[in-house]
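Engineer: Please find the sequence and the predicted model below.
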Amino acid sequence: MKKILIATLVIVTLALGLFSVVLANDWEWIDTGYDYILYDISFPGEQSVVGFAVGSTVTYNGDGIILKTTDSGYTWEQISDPSLPGLEAAFFTDLNTGYVAGWDAYFAKTTDGGETWEEITVNAGVWYFEDLEFWDENNGIAAAWGGELYVTEDAGETWTQASGVTTGVHDLCYATESVLYAAGGDEKILKSTDGGLTWTELYAGIFTYVFLGVEFLDENYGMVAGEDGKVLMTNDGGLNWTTNNTSFYHLWHAFHIFNHDSTYVAGTPEGVYKTTDGGATWVDDFPQSAFEEAFYKIMFTPYNNTGFICGSGGTIMRKQGVEMAPAASVTPEEIIYPQTWVGETADFPMIVSNNGNAV
């Protein structure tokens with residue numbers, strides 16, 4: 001039986017002419033007001049209110065931008081100097097500390113929530129950085145064009161170039177503090193078990209596809225994807241891979257894996273698909289797509305699973321997560337005290353619990 005999706009269009013007018021359009025499956029299309037290609041987005045910590053996004057005017061060495069939201073993605077403010085080179089990657093380890101990277105070897109750090117930025121020299125010879133990930137406040141890794149990976153163990157003070165990299169890396173992810181995975185442009189998948197310092201090749205295809213996205217739930221379960229809707233899956237840390245295809249032509253850029261059953265994937269042109277059966281089948285989660293923009297990163301906050309997607313045209317997609325609220329309960333619900341004489345005491349145990357999802 002065919003399911004017919006009926007969506008109600010709601011337009012909420014915001015300041016500065018920005019708007020939010022509620023689309024199918026509760027995705028909201030937010031116009032940031034900045035016509036940039038937004039490549040990366042970060043909401044640090046256990047919250048979904050303050051976030052950052054970075055981008056570029058064009059795909060090849062344009063002007064860069066850093067945006068910040070303090071209202072869960074509904075409005076965005078530019079917090080960067082307009083003279084920045086194009087930016088491709090961002091990661092915030094907390095609300096104050098974050099990193100951005102992009103063209104012309106540009107790499108910078110903030111410790112005050114983006115008010116000020118200090119440039120860091122990772123390697124002056126880098127053409128541009130493609131990805132940036134941190135495991136915690138000290139340990140991080142950056143991918144530069146041409147197959148160069150750089151690791152820091154001291155919050156960006158010093159960087160060490162990794163060895164064993166056999167492909168140009170487009171995307172990185174931490175599975176554990178020491179285990180990382182990388183996806184390459186010539187259909188290769190790499191793995192590190194020492195925090196990113198050395199790498200081994202897990203998978204090499206026939207150079208037909210471009211791999212652009214990689215995500216792991218833990219050390220064993222993960223996915224890699226790229227062009228033509230191709231999705232590779234592993235349950236054993238990359239020893240074996242199963243190939244699935246979403247049956248649609250898309251250039252997939254990014255995943256968000258909730259568990260072994262549920263995963264979202266986003267990419268170009270303007271596609272969002274999800275699986276609830278471990279990748280066996282994929283369904284369109286954004287059927288109202290006009291295929292006008294490209295999506296580059298998808299994430300859901302750990303606080304309440306509010307989803308965000310960033311893309312071209314200054315676009316942010318938002319999907320409201322679970323509303324957070326406490327729910328007090330008492331066990332048992334009724335207490336009947338035994339007969340108690342004057343001057344005596346009676347005790348009766350009870351348990352007060354919070355079964356909600358907030359303090």
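Structural biologist: Structure's in. What do you need?

Engineer: quick one: residue 313 is in a strand?
Structural biologist: No - secondary structure of residue 313 (DSSP: H, G, I helix; E, B strand; the rest coil): helix, not part of a strand.

Engineer: What is the neighbour count of it?
Structural biologist: Using other CB atoms under 10 Å, the number of residues around residue 313 comes to 15. For every residue, glycine as well, the C-beta is placed using N, CA and C.

Engineer: ok, it - contacts?
Structural biologist: Applying CB atoms under 8 Å, 6 or more residues apart in numbering, one finds that residue 313 lies in contact with 35, 37, 292, 293.

Engineer: can we see that at 10 Å?
Structural biologist: Going by CB atoms under 10 Å, 6 or more residues apart in numbering, residue 313 touches 31, 32, 34, 35, 36, 37, 38, 270, 292, 293, 294.

Engineer: which regions of this protein lie under the pLDDT threshold?
Structural biologist: For the chain, the stretches with pLDDT under 70 are 1-24, 207-208, 247-248, 323-325, 356-358.

Engineer: at 50 what do you get?
Structural biologist: Low-confidence segments of the chain (pLDDT under 50): 1-17, 19.

Engineer: so residue 52 sits right up against residue 40, yeah?
Structural biologist: Yes - using CB atoms under 10 Å, residue 52 is in contact with residue 40, at 8.6 Å.

Engineer: Overlap of the contact sets of the two?
Structural biologist: Common contacts of residue 52 and residue 40 (CB under 10 Å, 6+ apart): 90, 91, 100.

Engineer: Sort out which of these are in strands and list them.
Structural biologist: Within the shared contacts of residue 52 and residue 40, residues falling in strands by DSSP state E are 90, 91, 100.

Engineer: I'd say the first one and residue 132 touch.
Structural biologist: Yes - with contact defined as CB under 10 Å, residue 90 and residue 132 form a contacting pair (6.7 Å).

Engineer: between these two, what contacts are shared?
Structural biologist: Residues touching both residue 90 and residue 132 (CB under 10 Å, 6+ apart) are 40, 42, 54, 98, 99, 100, 101, 102.

Engineer: now these in JSON lines, with neighbour count and distance to residue 335?
Structural biologist: Formatted as JSON lines, those follow (neighbours: other CB atoms under 10 Å; distance: CB to CB, whole Å):
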{"residue": "40", "neighbour count": "24", "distance to residue 335": "55"}
{"residue": "42", "neighbour count": "23", "distance to residue 335": "49"}
{"residue": "54", "neighbour count": "30", "distance to residue 335": "57"}
{"residue": "98", "neighbour count": "26", "distance to residue 335": "52"}
{"residue": "99", "neighbour count": "25", "distance to residue 335": "55"}
{"residue": "100", "neighbour count": "28", "distance to residue 335": "58"}
{"residue": "101", "neighbour count": "30", "distance to residue 335": "61"}
{"residue": "102", "neighbour count": "27", "distance to residue 335": "63"}
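
Engineer: Need the distance between the two termini of stretch 65-76.
Structural biologist: One end of stretch 65-76 sits 12 Å from the other (CA to CA, to the nearest Å).

Engineer: would CSV of the shared contacts of residue 90 and residue 132 with distance to residue 68 be doable?
Structural biologist: Output for the shared contacts of residue 90 and residue 132, formatted as CSV (distance: CB to CB, whole Å):
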residue, distance to residue 68
40, 13
42, 10
54, 10
98, 10
99, 14
100, 12
101, 17
102, 17
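
Engineer: Nearest residue to the middle of this structure?
Structural biologist: Geometric centre of the chain, nearest residue: residue 299, 3.4 Å, by CA atoms, centre = their mean.

Engineer: Report the beta-bridge partner residues of that one.
Structural biologist: Residue 299 has these beta-bridge partners by DSSP bridges: residue 308.

Engineer: OK, contacts around it?
Structural biologist: Counting by CB under 10 Å, 6+ apart, residue 299 touches 40-43, 51, 254-256, 264, 266, 306-310.

Engineer: Determine which two of those residues are furthest apart.
Structural biologist: Using CB to CB, the contacts of residue 299 span at most 18.8 Å, a distance reached by 51 and 255.

Engineer: ok, back up a step: for the shared contacts of residue 90 and residue 132, which one is nearest residue 327?
Structural biologist: So of these, ranked by how close each gets to residue 327 (CB to CB), first place is residue 42, at 30.5 Å.

Engineer: on that earlier part again, can you tell me which of the contacts of residue 313 lies nearest to residue 316?
Structural biologist: Nearest to residue 316 among those is residue 32, at 5.7 Å by CB to CB.
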